[in-house]
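Enquirer: Let's see this in three dimensions:
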Amino acid sequence: MPIEKILERIKSDAQKEASHIRDEAKAKADEILESARKEAESIKSKILATAQAQAEEEKKRILSLARLESRNSILSQKQDAVASALKGALDKLLSLPSKEYQELLKKMIVNAVTTGEEEIILSPHDRKRITNNFVEEVNSILVRQGRRGNLKLSAEARDIKGGFVLRSDKIEANNSFPALLETLREEIEPQILRILFDQTTKQPNHPTT
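Expert: From the prediction side, this is the model:
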């Protein structure tokens, strides 16, 4: 066989082999690319699902915090409203005319006395305007009720806002206005809130034109 034909044959076979290798490489590359595309889609789906789950959790967390903050805000407003109402009540008691104030103290002392031998401790302000005559009147009321009436006005003054402290031996009963109002807070708080918030939620009636 002539050398030319042999060379032609070798060239043809080489071209066929090269084409075959190229086709196989392309097929392999397409397979790899398709696998990579599917893997990317899978990763994308997983990332999206994770992101959605995280977003949902974040949404729940934000809503939960919002509800908590709302409850705390409402609670704070209610506490402020009650504190303001109690302060108003205290201010009103402290601003009573002297005669009314003393009559109130008489009733309070008579109701608070246990032995009839206690000392009455007042604030510096009340100590100046309430005298031994006042204590004698209270003792007279106790005696008329068939009780022991040996109360004394203490020389000591206590830093309290109205009311009094009853001392018997080493035992003291705090009947100051702030202490009494705080004791009554649990009982009167629902009533105060009902009055305050019922008033704030009522809509004014506008005349129709």
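
Enquirer: which residues does the closest residue to residue 130 other than its chain neighbours bridge with?
Expert: In space, and not counting its chain neighbours, residue 130 is closest to residue 122: 6.1 Å by CB to CB, 6 or more residues apart in numbering. For glycine as for every other residue, the C-beta is placed from the backbone atoms N, C-alpha and C. Judged by DSSP bridges, the bridge partners of residue 122 are residue 157.

Enquirer: what about stretch 93-107, distance to the chain center?
Expert: Distance of stretch 93-107 from the chain centroid (CA atoms, centre = their mean, to the nearest Å) equals 36 Å.

Enquirer: returning to that earlier point: just list the residues touching the residue nearest to residue 130, thanks.
Expert: Shown in contact with residue 122 (CB atoms under 8 Å, 6 or more residues apart in numbering): 130, 153, 154, 157, 158, 160, 164.

Enquirer: Neighbour-wise, which one of those leads?
Expert: Comparing the contacts of residue 122 on neighbour count, residue 164 comes out first with 26 neighbours (neighbours: other CB atoms under 10 Å).

Enquirer: quick check, it in a strand?
Expert: Yes - applying DSSP: H, G, I helix; E, B strand; the rest coil, one finds residue 164 inside a strand.

Enquirer: Where does the residue positioned nearest the centre of the chain sit, in terms of helix or strand?
Expert: Residue closest to the mean C-alpha point of the chain, counted by CA atoms, centre = their mean, is residue 72 at 3.4 Å. Assignment of secondary structure by DSSP states H and E places residue 72 within helix 3-94.

Enquirer: Same check on residue 178?
Expert: Taking DSSP H and E as the definition, one finds residue 178 inside helix 177-201.

Enquirer: swap in residue 139?
Expert: Under DSSP H and E, the secondary-structure element containing residue 139 is helix 132-144.

Enquirer: ok, and for that helix, which residues are buried?
Expert: Of all the residues in helix 132-144, those buried under the rule 16 or more other CB atoms under 10 Å are 134, 135, 138, 139, 141, 142.

Enquirer: and this protein, what are its domains?
Expert: Domain ranges of the chain: 1-95, 96-199, per automatic domain parsing.

Enquirer: Is residue 174 located within a strand, as I assumed?
Expert: Yes - checked against three-state DSSP, residue 174 lies within a strand.

Enquirer: Residue 170 versus the residue nearest to residue 130, what's the distance?
Expert: As defined by CB to CB, to the nearest Å, residue 122 lies at a distance of 19 Å from residue 170.

Enquirer: Quick one: residues contacting residue 27.
Expert: The neighbourhood of residue 27, defined by CB under 8 Å, 6+ apart, contains no residues.

Enquirer: pLDDT value on residue 177, please?
Expert: Reading off the confidence values, residue 177 has pLDDT 91.

Enquirer: separation between it and residue 194?
Expert: Taking CB to CB as the criterion, residue 177 is separated from residue 194 by 23 Å.

Enquirer: Between the two, which is the more surrounded one?
Expert: Under the criterion of other CB under 10 Å, the comparison of residue 177 against residue 194 puts residue 177 first, with 22 against 10.
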